[in-house]
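K.L.:
3D, please:
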Amino acid sequence: MSALAAPSHKISFTEFLILIASLMACQAVAVDAMLPALPIIAHALGLNNENHAQWIITAYVVGMGVGQLFWGIVSDRFGRRPVLLTGLALYAVAALLVGLSTSFASLLGWRFTHGVAAASVVVARSVIRDLYGGRQMARVMSLTFIVFLMVPIIAPSIGQLILLAAPWRYLFVMFCGFGCVVWLWTYWRLPESLHPEYRLTLSAPQIMHSIKLVVANPISRYNTLAGTMTFGAIISYVGMVQQIFADVFARPALMPTVFALCAAAMGVAAFVNSRIVERVGMRRVSQVGLLVFIAASFVHVAVAASGHETLLTFVVLQSITFACVGVMAANFGAMAMEPMGSVAGIAASLQGCVSTAGAAVVGALIGRQFDGSTLPLAVGTAICGIIALIFVLFAEQGKLFRPHHASESFGLENPLH
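P.N.:
Below is the predicted model:
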């Protein structure tokens, strides 16, 4: 069998969900598992300002955003499987090169490259869009999101265990190993989902026409931007969480546990979303989630500004905001992709680039404001929520909770059954 040959056995629906989630998890594990190592890396590489350690996260996320422009377009031309296999191979190599870096500048450079390679797994969203539509697509995305969320629940603890036994560079050996495992699984089990007759040419006019379709559609444009803002709030938390537990609460050892609790709240919310979205609808679920997100963030601002922030209030309020993202993320993404069936790969690339790179910039701007308290995080989250609401109102022509379009009630037949 050649490297790009199709698997000889059909993949079950359950295995498909877990494999797609594992592909997506390649992106997250390279962030979450290394959070306990940020201060260690900062010290090892001679950083004077600990806030600069957040750039390790930012460089990776920006790389993911930039990389998505390339991988999705290529997948529309050559198919999903070859792009996933190529990207995963580069992911494993880049992880090792990050671990071998001897200066902060070279580490950031290879970390950016690592993010570019990790961006290839955005093609997993195109695979879902190839096979499903409407509310059924939102349900599948929610189910994969649940499995995907196991990564932030367990990854920081795994990272901390590795640090207890080995130097920080071995974290990147672990990322390499995980990428290799997923590569083998994809090679043996994932079929090609893009039919040859639907593959696009890579001519400049065709690409520009496809990009114009994605950008000109208000549902695609504004739901992508709304998702960008809420994702930016999560990125700011990820960048600051180690410093918050070390400097604000003086309990750095508790960070993996609390990180897991917040991720678990997101996972429970994503599961609830998968159960109700086909009945209630993507708009209603995501918009209720956004309003609760805004309310919780303003409560957090009041608590932090009044000086009454405790570990308990922080955990409870962050868990609420994470849970809201759990019901918003898949639905914003599904609504943005819904009108993009004819250009799914380019749409996933462009939407993913905007949401990921944009969220990295938003998260970095909030993270730079860290002053030894939780107030910058709370204020930044509240601002993100308000801006996201504005984008949603643009998408919905100024009216929340509008009825769904008839097309949302019908999914495409699942060819994997």
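K.L.:
make it CA atoms for all contacts and neighbour counts henceforth
P.N.:
Will do.
K.L.:
if I look at Leu96, how far off is Arg77?
P.N.:
Going from Leu96 to Arg77 by CA to CA, to the nearest Å gives 30 Å.
K.L.:
and what of Phe370?
P.N.:
Per CA to CA, Phe370 is found 44 Å from Arg77.
K.L.:
what's the answer for Gly159, then?
P.N.:
For Gly159, the distance to Arg77 (CA to CA) stands at 38 Å.
K.L.:
the two: which has the busier surroundings?
P.N.:
Gly159 (22 against 18; other CA atoms under 10 Å).
K.L.:
and the helix or strand harbouring the more buried one, what does it pack against?
P.N.:
Using DSSP states H and E, Gly159 sits in helix 150-165. Helices and strands touching helix 150-165, by 3 or more CA pairs under 8 Å, 6 or more residues apart in numbering; DSSP states H and E, are helix 13-32, helix 170-189, helix 255-280.
K.L.:
how far out from the middle of the chain is stretch 45-61?
P.N.:
Centre-to-centre, stretch 45-61 and its host chain are 20 Å apart (CA atoms, centre = their mean, to the nearest Å).
K.L.:
start to end distance for that stretch?
P.N.:
Its first and final residues considered, stretch 45-61 spans 21 Å by CA to CA.
K.L.:
alpha carbons of the helix holding Gly159, as CSV, please.
P.N.:
Only the C-alpha atoms of helix 150-165 are listed here, as CSV (Å, rounded to 0.1, in the frame of the first residue of the first chain):
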residue,chain,number,x,y,z
MET,A,150,-10.0,15.4,27.2
VAL,A,151,-6.7,17.0,26.2
PRO,A,152,-6.8,20.1,28.4
ILE,A,153,-8.2,18.0,31.2
ILE,A,154,-5.3,15.7,31.4
ALA,A,155,-2.5,17.3,29.4
PRO,A,156,-1.2,19.8,32.1
SER,A,157,-0.9,16.9,34.6
ILE,A,158,0.9,14.8,32.0
GLY,A,159,3.2,17.7,31.4
GLN,A,160,3.9,18.2,35.0
LEU,A,161,4.7,14.5,35.5
ILE,A,162,7.2,14.6,32.6
LEU,A,163,8.8,17.6,34.2
LEU,A,164,9.2,15.7,37.5
ALA,A,165,11.1,13.0,35.6
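K.L.:
that helix to helix 170-189, inter-axis angle?
P.N.:
Here helix 150-165 runs at an angle of 140 degrees relative to helix 170-189 (axes from the mean of the first three to the mean of the last three CA atoms, to 10 degrees).
K.L.:
what ranges do the helices span in the stretch 201-350 of the chain?
P.N.:
Here the stretch 201-350 of the chain has its helices, by DSSP state H, counting those that start in this stretch, at 204-216, 218-243, 255-280, 282-305, 311-337, 344-367.
K.L.:
so which of those helices is nearest Leu143?
P.N.:
Comparing those by their distance to Leu143 (CA to CA), the top pick is helix 255-280, with 6.2 Å.
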